[in-house]
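> Quick one, fold the following:
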Amino acid sequence: MDTFNFPVRVYWEDTDAGRVVYYASYLKFLERARTEWLRELGIDQVKLLREERLQFVVVEANVRYHRPARFDDELVVSVTLESMRGASIAMGQEVRRAGELLVSASVRAACIDAESLKPRPLPRALTAKS
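As a prediction, the model looks like this:
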């Protein structure tokens, strides 16, 4: 599967007192990109929750910070599918500024039942895309 890219601009709320992006803000950037990636694949998470009682939760995130981003930077956050197994999906993600690698991450999300919070198989709408 191809790499999905999502543009993000750094706002004041994303930075610390020195106008450098706060480390936890990158997790929000990564989440936004994954959400838009699913939307691009035709996965409507609201519909998935409402009709199938399924939702995704991050169960593992390994993040490496290479270089800082600053207020008003234009970033590109990427998502690349690495694997799908039963009830989980693994993705590689990067945050870049003008091609320069700022952050790299490996994220694994599980598909769970919204009521019981127990693992459920990935939705067919997603597995059919791979």
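> Report the buried residues of stretch 72-92.
By neighbour count on 16 or more other C-beta atoms under 10 Å, the buried set for stretch 72-92 is Asp73, Leu75, Val76, Val77, Ser78, Val79, Leu81, Met84, Ala87, Ser88, Ile89, Met91. Bear in mind the C-beta positions are built from the backbone N, C-alpha and C, glycine included.
> for the lengthiest helix in the chain, what is the average pLDDT?
The longest helix of the chain (DSSP state H) is helix 23-40. Mean pLDDT, helix 23-40: 97.
> Take the buried residues of stretch 72-92 and keep only those in strands.
Leu75, Val76, Val77, Ser78, Val79, Leu81, Met84, Ser88, Ile89, Met91 (DSSP state E).
> Would you mind listing the buried residues in the longest helix of the chain?
In helix 23-40, counting by 16+ other C-beta under 10 Å, buried: Ser25, Tyr26, Leu27, Phe29, Leu30, Glu31, Ala33, Arg34, Glu36, Trp37, Leu38.
> and it, what other elements does it pack with?
Packing partners of helix 23-40 (3 or more C-beta pairs under 8 Å, 6 or more residues apart in numbering; DSSP states H and E): strand 4-9, helix 45-52, strand 54-65, strand 74-85, strand 88-97, strand 100-113.
> how about the ones you listed in TSV, adding distance to Ala125?
Below are the helices and strands packed on helix 23-40 laid out as TSV (distance: least, C-beta to C-beta, whole Å):
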stretch	distance to Ala125
strand 4-9	16
helix 45-52	8
strand 54-65	10
strand 74-85	12
strand 88-97	13
strand 100-113	11
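> who's in contact with Leu54?
Leu48, Cys111, Ile112, Asp113, Ala114, Arg120, Pro123 (C-beta atoms under 8 Å, 6 or more residues apart in numbering).
> gap between the spatially closest residue to it that is not a sequence neighbour and Gln55?
Nearest in space to Leu54, with sequence neighbours left out and distances taken as C-beta to C-beta, 6 or more residues apart in numbering, is Leu48 at 5.0 Å. To Gln55, Leu48 is 7 Å away according to C-beta to C-beta, to the nearest Å.
> ok, the two, which is more surrounded?
Leu48 (19 against 16; other C-beta atoms under 10 Å).
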